[in-house]
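**Q** I'll drop the sequence and a predicted model, then ask my questions.
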Amino acid sequence: MSTDFKSIPLIDIGPLLAKCDDPDMGEDPGVAEVVRQLDRACREAGFFYVKGHGIPESLIKKVRTSTREFFKLPYEEKSKIKMTPVAGYRGYQRVGENITKGVPDMHEAIDCYREVRQGMYGDLGKVMEGCNQWPVNPPDLKPIMEEYVSLCTELSRKIMRGIALALGGSPNEFEGQRAGDPFWVLRIIGYPGASKANGLGTPENDIGCGAHTDYGLLTLVNQDDDITALQVKNLSGEWISAVPIPGTFVCNIGDMLKVWSNGLYDSTLHRVINSCPRYRVCVAYFYEPNFDVPVEPLDVCVRRTGGTRKFGRACYGEHLVSKVQTNFVE
Ligand SMILES: N=C(N)NCCCC[C@H](N)C(=O)O
Ligand SMILES: O=C(O)CCC(=O)C(=O)O
Ligand SMILES: [Fe+2]
């Protein structure tokens, strides 16, 4: 359960990355300090900023620039890669098409998923079968995003090694069968400026994305530097803003980590309200478990939470499919 946190902690993960693939990384004092901070952040907020992550700032900026360029195109152009169930729910969705708890969200997006070949996960994976739909314009969007996904995947694997230690496990707790063949999701998102979204000049009412939790393990949010819009709910119900900190990612934990950790860590509710008149872009990368692995509380976490299993067995693929099938207007 999250606490009454008033701000979101910032963690320099440099020391963790430096030693991340050493078998005895846990004994390194620099790693131990990062692990302590990760543990505290995951227990208290389920959200943290990371710096020292090693992904070049130039690429992070290009990701947002090409995103902005795409959303500036006319609808006819954007709709050439329209999201459809047949494409495995990959592609472009216009403002209002994504719904959260029954309410249309004031954002447009391109959804991308790790590609799923026919029959790869049997019936479980059918809904997600398909290839990503990339726009022709801007031409560099596809290569930029592909490079970005591969760097985010590697970074997330390393952060998860730190989180595994934080939970009292071995560093490779989330490798192999659990998340050694990770599924991933990329959401390329644009939030219209406040007055444009509702035309009434009542910015408080523009819900860019309604309150939700993320579905998998770990999310890396790459947001515009100059607009505050992401809000995280604390225990007493206050919304704490994740004010952009240049050079950092906002990270948060997802539903599957809540199950694996037996609730030691929670997937915290968050939402997006762009009350700024300017258009906001955000690219969210989601690092997820193996698509078809059974997810149940780790023994070490059950012991640390009083010996009772709080959750039954879950499956990421099933969870994703149930979300995707209810996320869109018909
Ligand atoms: N893949 C992830 N985590 N996407 C998060 C999207 C959240 C909004 C969605 N309509 C919902 O209600 O879940
Ligand atoms: O726009 C943001 O800052 C976060 C978006 C988000 O929470 C999501 O796509 O899951
Ligand atoms: Fe989210």
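**A** In hand now; what should we look at? Ligands and ions are numbered 1, 2, ... in the order given.

**Q** use CA for all of it now, contacts and neighbours both
**A** Fine.

**Q** and the residue in the stretch 51-200 of the chain that ligand 1 sits nearest to, what does it touch?
**A** Across the stretch 51-200 of the chain, no residue is closer to ligand 1 than residue 100, which sits at 3.7 Å (Cα to the nearest ligand atom). When contacts are counted by Cα atoms under 8 Å, 6 or more residues apart in numbering, residue 100 touches 209-212, 327.

**Q** what's the most distant pair in the residues you listed?
**A** 211 and 327 (12.9 Å; Cα to Cα).

**Q** any low-confidence regions in this protein?
**A** Along the chain, segments meeting pLDDT under 70 span 1, 196-205, 330.

**Q** and the helices in it, which stretches?
**A** Defined through DSSP state H, the helices belonging to the chain, from first to last, are 14-19, 29-44, 57-72, 75-78, 122-125, 141-166, 176-179, 194-198, 255-260, 299-304, 316-324.

**Q** now the fifth one: buried residues?
**A** When you say that, I think you mean helix 122-125. By neighbour count with 16 or more other Cα atoms under 10 Å, helix 122-125 contains the buried residues 124-125.

**Q** what's the answer for the longest one, then?
**A** Buried positions in helix 141-166, judged by neighbour count with 16+ other Cα under 10 Å: 141-142, 145, 148-149, 152-153, 155-166.

**Q** also the second one?
**A** Within helix 29-44, the residues that qualify as buried by neighbour count (16+ other Cα under 10 Å) are 30-35, 37-44.

**Q** of those, closest to residue 253?
**A** Comparing the buried residues of helix 29-44 against residue 253 with Cα to Cα places residue 42 closest, at 7.5 Å.

**Q** quick check: the closest one vs ligand 2, distance?
**A** Residue 42 sits 17 Å away from ligand 2 when distances are taken as Cα to the nearest ligand atom, to the nearest Å.

**Q** same check, this time on residue 282
**A** Between residue 282 and ligand 2 the computed distance is 5 Å (Cα to the nearest ligand atom).

**Q** contacts only, for the residue nearest to that residue when sequence neighbours are not counted.
**A** Distances taken as Cα to Cα, 6 or more residues apart in numbering put residue 223 closest to residue 282, at 4.4 Å, once the chain neighbours are dropped. The neighbourhood of residue 223, defined by Cα under 8 Å, 6+ apart, consists of 64, 244, 249, 281-283.

**Q** and residue 223, how far from residue 121?
**A** With the distance defined as Cα to Cα, to the nearest Å, residue 223 ends up 33 Å from residue 121.

**Q** equivalent analysis for residue 10, please.
**A** Looking at residue 10 against residue 121, where the rule is Cα to Cα, the gap reads 38 Å.

**Q** neighbours around the residue nearest to residue 280 when sequence neighbours are not counted, how many?
**A** For residue 280, the nearest residue in space outside its immediate sequence neighbours is residue 191; the separation is 5.0 Å by Cα to Cα, 6+ apart. By other Cα atoms under 10 Å, the residues close to residue 191 number 28.

**Q** who touches residue 191 in this structure?
**A** Under the criterion of Cα under 8 Å, 6+ apart, the contact partners of residue 191 comprise 106-108, 208, 274, 279-281.

**Q** what is the neighbour count of the residue of the stretch 51-200 of the chain found nearest ligand 2?
**A** Residue nearest to ligand 2 within the stretch 51-200 of the chain: residue 187 (6.1 Å; Cα to the nearest ligand atom). Taking other Cα under 10 Å as the criterion, the count of residues near residue 187 is 20.

**Q** who in the stretch 101-250 of the chain is up against ligand 1?
**A** Residues of the stretch 101-250 of the chain lying near ligand 1 by Cα under 6 Å from any ligand atom: 101, 212, 214-215.

**Q** hmm, 5 Å instead?
**A** The interface of the stretch 101-250 of the chain toward ligand 1, taken as Cα under 5 Å from any ligand atom, is made up of 214-215.

**Q** ranges for the strands of the stretch 101-250 of the chain?
**A** Along the stretch 101-250 of the chain, the segments classed as strands by DSSP state E, counting those that start in this stretch run 103-104, 108-113, 184-191, 209-212, 218-223, 230-233, 239-241, 249-253.
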